[in-house]
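Participant: have a look at this fold, sequence not included:
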């Protein structure tokens, strides 16, 4: 065996496997949706269906996030920023989660500052960040979720607020650490925050980088995730 034959690169194997898993999950979601459409309405709107809808979205989000983290690690995650209409962008995010909102009985509203109708960012990457944040808010929300978009100190701010119990105090205090280890109670690793922060930092203008912030409060009183883009 020569020095160049050292076996497979494990990270590449994992990335390839995650990509295959994501494709399989997409096919499963499509087949399930087609099967569900053939059922009577009463059998479509069940508590079990709410669990299925949420877990499908959650699994897909985690796989997309893992692929993104791999590409970040090998510097293969391209940034393609452009101007986007914020109303259209937020509506597209909500449409992707509509089945979960409905099955969970969550009322979702959004507000876009009319003085800031456009945003300059990578639509796919920021969409992934918001999708993960929305999934997290769905898990903890009781009845309501609010997405607000506006401008603060010259930065575009996208905020997701729920009416749940909020983020644990240690998580807020250590949010700069991002990867905080597995929480046995929730299963959280902090990778979602790490991914969001890395994507935010990729967005920069005039030497200023994007960032994320978590806290409790806001109009709904629960967890508040904010994404700042220059």
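Facilitator: Yes, it's here. Source: prediction; values computed, not measured.
Participant: how far away from the center of its chain is the worst-scoring helix or strand of the chain on mean pLDDT?
Facilitator: Least confident helix or strand, the chain: helix 41-44 with a mean of 72, by mean pLDDT, DSSP states H and E. Put simply, helix 41-44 sits 29 Å off its chain's centre (Cα atoms, centre = their mean, to the nearest Å).
Participant: list the buried ones in it?
Facilitator: Within helix 41-44, no residue counts as buried by 16 or more other Cβ atoms under 10 Å. Every C-beta, even on glycine, is put in place using the N, C-alpha and C of the backbone.
Participant: same check on stretch 107-117?
Facilitator: Using 16+ other Cβ under 10 Å as the test for burial, stretch 107-117 gives 108, 110, 112.
Participant: tell me the domain boundaries of the chain?
Facilitator: 10-74, 82-229 (the TED database).
Participant: just give me the residue right at the centre of the chain.
Facilitator: The centroid of the chain falls nearest to residue 132 when counting by Cα atoms, centre = their mean (1.6 Å).
Participant: look at it and give its secondary structure.
Facilitator: helix (DSSP: H, G, I helix; E, B strand; the rest coil).
Participant: residue 196 is in contact with that one, correct?
Facilitator: Yes. The pair residue 132 and residue 196 passes the contact test of Cβ atoms under 8 Å, sitting 6.8 Å apart.
Participant: between these two, which contacts overlap?
Facilitator: Residues touching both residue 132 and residue 196 by Cβ atoms under 8 Å, 6 or more residues apart in numbering: none at all.
Participant: beta-bridge partners for residue 224, please?
Facilitator: residue 161, residue 215 (DSSP bridges).
Participant: do you know the pLDDT at it?
Facilitator: You'll see residue 224 listed with a pLDDT of 97.
Participant: what's the spacing between it and residue 141?
Facilitator: From residue 224 over to residue 141 the distance is 12 Å, taken as Cβ to Cβ, to the nearest Å.
Participant: same drill for those two, tell me which one is more crowded.
Facilitator: residue 141 (25 against 22; other Cβ atoms under 10 Å).
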